[in-house]
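Asks: here's a sequence, model it:
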Amino acid sequence: MKKLKRKKDNAGVGENGNGSTRDADCGRKQKLAEIHQALFSDPVDIETLRRAAASKGGLLTDEVRRKVWPKLLNINVYDLPYKPGRKVRENHKDYNQVVLDVRRSMKRFPQGMAASERATLQEQLIDIILEVLKHNPQLHYYQGYHDVAVSLLLVVGERMALALLNKLSNFHLRDFMDPTMDSTKHILNYLMPILEQVDAELHDFMNRAEVGTIFALSWLITWYGHVLSQFKHTLRLYDFFLASHPLMPIYLAATIVLYREKEVKQTECDMAMVHHLLSRIPQDLPYELLIGQAQHLFDQYPPSLLAKRAALQPRKSLSISTFQAFQLSTLHQRPDNVLQRLTRAEDSTTPRHGLEAALPQDGGQLWGQGNRMVKMAVWGLSATLGAAVFAVAQTAMDWGPEVLLQLF
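Replies: Numbers count the residues shown, from 1 in each chain. So this is what the prediction gives:
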């Protein structure tokens, strides 16, 4: 027993004997406790959740993301949209392009995933995208939109992914979904003014090379999901972006260019050469460092200052102009345990409707008042099987947030 005890103690000490691993574990547990407390506060402590998502390590696990992401976007987990139906595909103008993009997205799914499982998720992805477009005719599909959708799907499942994607499309991603690229170009135009404020020499070099900002287009419109090979890095950035201003992806792009300043300046001052270098994003970037620097740049050079100095103000960005109202809307949310009680009370006084009414009688009892705990137990089991399995299992049931709140 003593030998095992010593081994356990050593496991919590870094190689230099300073206890760094143990300190990291303590920091992780403290962060989880703070997130847990913020989720149970009434109203939900959104500012604490935003700080947790932006700070080192982000939201740490997919289980935590399934609880926090909806709160960051002001989504009631007991009032989700219905499961997308296949009828939405009929005669949809974007159907063929969406299918082509989704079929080409194989690298976005975990390695080793069974082909049948991936095929199921791809069909769900098609339905989610088309459902958002159907209910928001003012939005226009763009190539790369599916990269955002699949990142959400793999973490939260089909119905919640639909709710998150719908909210993001009307706020953070709104400028990319105009009928033209004008609004997207407007967002890209914030990149060079940031560089000019921080490193005038690098800014002048890129201007002489006439490289422009198109190298960062795929970074911006996919929230880096298309260009990063490791999903954990994508999720870390999504934590950050979901908790931040819609322009934060462009501030991160600036920090990446600044981080590669020596490489850029050592390249031949030629448009093709500089574009080739910058468009291939390194896979070993120090993400935590860059996230911290992006936040610092945003605080030091806010969008309003950049717009004024670079004469960007005349063009109105819907993502920017609606963000303050969006932020305010997130501040008065009830915790999930309260929402659940309210939903149960409503269910006991109102007839079955929506998804519950559509269920066959022999299977509908799972959604009944007397069997909710069965449903929640099954949901909790699916959450332990990993994000990919959860995404498939989620199509068979509604959410049970209280189960997640017990997973700390």
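Asks: where does pLDDT dip in the stretch 1-150 of the chain?
Replies: The stretch 1-150 of the chain contains residues with pLDDT under 70 at 1-19, 84-87.
Asks: show me the shaky parts of the stretch 301-408 of the chain.
Replies: 313-315, 348-408.
Asks: what mean pLDDT does stretch 234-248 get?
Replies: For stretch 234-248, mean pLDDT is 98.
Asks: what does it contact?
Replies: 49-51, 53-54, 57-59, 62, 65, 69, 72-73, 151, 155, 171-172, 174-175, 187, 190, 223-225, 228, 249, 252, 287, 291, 294-295, 298, 303, 317, 319-320, 323 (C-beta atoms under 8 Å, 6 or more residues apart in numbering). Quick note: C-beta positions are derived from backbone N, CA and C, even for glycine.
Asks: any idea how far the residue nearest in space to the middle of the chain lies from residue 151?
Replies: Centroid-nearest residue in the chain: residue 238, 3.6 Å away (criterion: C-alpha atoms, centre = their mean). Residue 238 sits 6 Å away from residue 151, going by C-beta to C-beta, to the nearest Å.
Asks: any common contacting residues for these two?
Replies: Between them, residue 238 and residue 151 share the contacting residues 223, 225, judged by C-beta under 8 Å, 6+ apart.
Asks: mind checking how far the residue nearest to the centre of the chain is from residue 222?
Replies: Taken as C-beta to C-beta, the span from residue 238 to residue 222 is 11 Å.
Asks: and if you look at residue 193?
Replies: 23 Å.
Asks: so for the two, which sits in the more crowded spot?
Replies: residue 222 (26 against 21; other C-beta atoms under 10 Å).
Asks: what residues are up against the more buried one?
Replies: Neighbour list for residue 222: 144, 147-148 [criterion: C-beta under 8 Å, 6+ apart].
Asks: now with 10 Å?
Replies: 108, 142-151, 173, 176, 228, 234, 249 (C-beta atoms under 10 Å, 6 or more residues apart in numbering).
Asks: burial check on residue 205, number of neighbours?
Replies: Residue 205 sits with 18 neighbouring residues when counted by other C-beta under 10 Å.
Asks: excluding chain neighbours, what is closest to it?
Replies: Take residue 205 and drop its neighbours on the chain: the residue closest to it by C-beta to C-beta, 6 or more residues apart in numbering is residue 265, 5.8 Å away.
Asks: so which strand or helix has that neighbour?
Replies: According to DSSP states H and E, residue 265 maps onto helix 261-266.
Asks: immediately after that helix, which helix or strand?
Replies: Using DSSP H and E, the first helix or strand after helix 261-266 is helix 271-279.
Asks: from the rest of the structure, what touches that following helix?
Replies: Contacts of helix 271-279 (C-beta under 10 Å, 6+ apart): 205-206, 208-219, 227, 253, 256-257, 260, 263-268, 270.
Asks: was I right to think residue 146 contacts residue 121?
Replies: No. At 11.6 Å, residue 146 does not count as touching residue 121 under the criterion of C-beta atoms under 10 Å.
Asks: comparing the two, which residue is more hemmed in?
Replies: residue 146 (29 against 25).
Asks: ok, for that one, nearest residue in space, not its chain neighbours?
Replies: residue 101 is the one closest to residue 146 (C-beta to C-beta, 6+ apart), at 4.7 Å.
Asks: and that neighbour, what does it touch?
Replies: 94, 125-126, 129, 141-147, 149-150.
Asks: gap between it and residue 220?
Replies: 17 Å.
Asks: ok, now residue 295?
Replies: 17 Å.
Asks: these two: which is more packed in?
Replies: Regarding residue 295 and residue 220, a neighbour count based on other C-beta under 10 Å identifies residue 220 as having more, with 22 against 19.
Asks: could you list the domains of this structure?
Replies: 39-171+322-342+366-408, 182-318 (automatic domain parsing).
Asks: can I get these in JSON lines including distance to residue 27?
Replies: Below are those laid out as JSON lines (distance: least, C-beta to C-beta, whole Å):
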{"stretch": "domain 39-171+322-342+366-408", "distance to residue 27": "8"}
{"stretch": "domain 182-318", "distance to residue 27": "13"}
